[in-house]
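A.B. asks: only the shape, not the letters, is given here:
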């Protein structure tokens, strides 16, 4: 997020206690191409202080210090975190709290606020069964804002906290604004205009389809995306969304087993090509046929939409009755 805003961040691995904590931060740094500062056998307060000086010399303008965390209050650790704060004087001290632990998270936050002083909270595991009650309690007890929520374990699985959006999620009313923002992050205005032109001309091909499919998957797990649509959280009860996720992967595998020429010209895919594609994707020729037929139907619908017509039978799909 900071890098997208044009900043130069550096991370500091200042947790020498948890096994592989330093390695975990270093691995994450490589994934994100963000430098990680660490010196073995240094005490965390000294390490953090050195890291800030190093960042100033190397022109990094954001320093993120990852300190040791505890689910049980530890006096020695509290003193250590307080000492780190004293030495580096950070403008932000964020407590990462687990939304699934409920009142335990509230108790820990209260202790941190009293002994260390925090400026905000990051509430993780909001993609789980926890609906956000802990957010209300944490805000009330600490008096500091919830700044971010974690919605997955992926590096981009962090959202800025919006109280109104969390409220609608708690009530099962979806979160359309976050869904729109996720979509905007994946597609530029120029790309959207290009796709609209392809829809209109009827030249949208399987290569475009694969690209859009991958962008949808980058937005997050399917069940999360569906839960942001008003009414879908209730409609999804009892549905196996994981099956839909697996189907996404199968479709992806089928298209990736095609040559670029076949993706741009699916009409040339005959029996022998279908057999080759099914073998390459670990699927059956029937599944390849099904995908090609569905894609042709989708192309027809796009052409009709671009001419301002409602395709026959679409009313039934949208809840207007008729056969399914």
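C.D. replies: In hand now; what should we look at? Remember, predicted model here, so these are calculated numbers, not experimental data.
A.B. asks: quick check: closest non-adjacent residue to residue 80.
C.D. replies: residue 44 (5.9 Å; C-beta to C-beta, 6 or more residues apart in numbering). (Each C-beta comes from the backbone N, C-alpha and C, glycine too.)
A.B. asks: so what's the backbone phi/psi at the one you found?
C.D. replies: Residue 44 adopts backbone torsions of phi -50, psi -40, taken as degrees, to the nearest 10.
A.B. asks: quick one, grab the pLDDT at it.
C.D. replies: Note on residue 44: pLDDT of 95.
A.B. asks: contacting residues for residue 255?
C.D. replies: Residues in contact with residue 255 (C-beta atoms under 8 Å, 6 or more residues apart in numbering) are 206, 207, 209, 210, 213, 263, 291.
A.B. asks: if you rank these by neighbours, which is first?
C.D. replies: residue 206 (22 neighbours; other C-beta atoms under 10 Å).
A.B. asks: assign a three-state SS to the closest residue to it other than its chain neighbours, would you?
C.D. replies: Nearest non-adjacent residue to residue 206, counting by C-beta to C-beta, 6+ apart: residue 263, 4.1 Å away. Under DSSP: H, G, I helix; E, B strand; the rest coil, residue 263 falls in the helix class.
A.B. asks: pLDDT value on residue 263, please?
C.D. replies: Value listed for residue 263 in the pLDDT field: 90.
A.B. asks: roughly how far apart are it and residue 91?
C.D. replies: According to C-beta to C-beta, to the nearest Å, residue 263 and residue 91 sit 50 Å apart.
A.B. asks: show the backbone phi and psi for the residue positioned nearest the centre of the chain.
C.D. replies: Centroid check for the chain by C-alpha atoms, centre = their mean gives residue 157 as the closest residue, at 3.5 Å. Residue 157 adopts backbone torsions of phi -80, psi 50, taken as degrees, to the nearest 10.
A.B. asks: quick check: it touching residue 148?
C.D. replies: No: at 10.2 Å, residue 157 and residue 148 do not qualify as touching, with contact defined as C-beta atoms under 8 Å.
A.B. asks: tell me the domain ranges of the chain?
C.D. replies: Split into domains by automatic domain parsing, the chain comes to 9-171, 182-312.
A.B. asks: tell me the most buried of those domains?
C.D. replies: Mean neighbour count (mean count of other C-beta atoms under 10 Å) peaks for domain 9-171 among the domains of the chain, with a mean of 16.
A.B. asks: and the residue nearest to residue 82 when sequence neighbours are not counted, how far is that from residue 260?
C.D. replies: Among residues not flanking residue 82 along the chain, residue 116 sits closest, at 5.0 Å (C-beta to C-beta, 6+ apart). Distance, residue 116 to residue 260, using C-beta to C-beta: 56 Å.
A.B. asks: poorly predicted segments of the stretch 101-250 of the chain, please.
C.D. replies: 102, 127-135, 164-188, 192, 199-200, 202, 216-245 (pLDDT under 70).
A.B. asks: repeat that for 90
C.D. replies: Low-confidence segments of the stretch 101-250 of the chain (pLDDT under 90): 101-116, 123-146, 149-250.
A.B. asks: where along it do the helices fall?
C.D. replies: Listed in chain order, the helices of the stretch 101-250 of the chain (DSSP state H, counting those that start in this stretch) span 103-115, 133-142, 163-170, 176-186, 189-201, 206-218, 222-227, 232-235, 241-256.
A.B. asks: packing partners for the lengthiest helix in the chain?
C.D. replies: Secondary structure of the chain per DSSP state H: the longest helix is helix 285-306. If contacts are counted by 3 or more C-beta pairs under 8 Å, 6 or more residues apart in numbering; DSSP states H and E, helix 285-306 sits against helix 189-201, helix 206-218, helix 241-256, helix 271-281.
A.B. asks: repeat that with 7 Å
C.D. replies: Secondary-structure packing of helix 285-306 (3 or more C-beta pairs under 7 Å, 6 or more residues apart in numbering; DSSP states H and E): helix 189-201, helix 241-256, helix 271-281.
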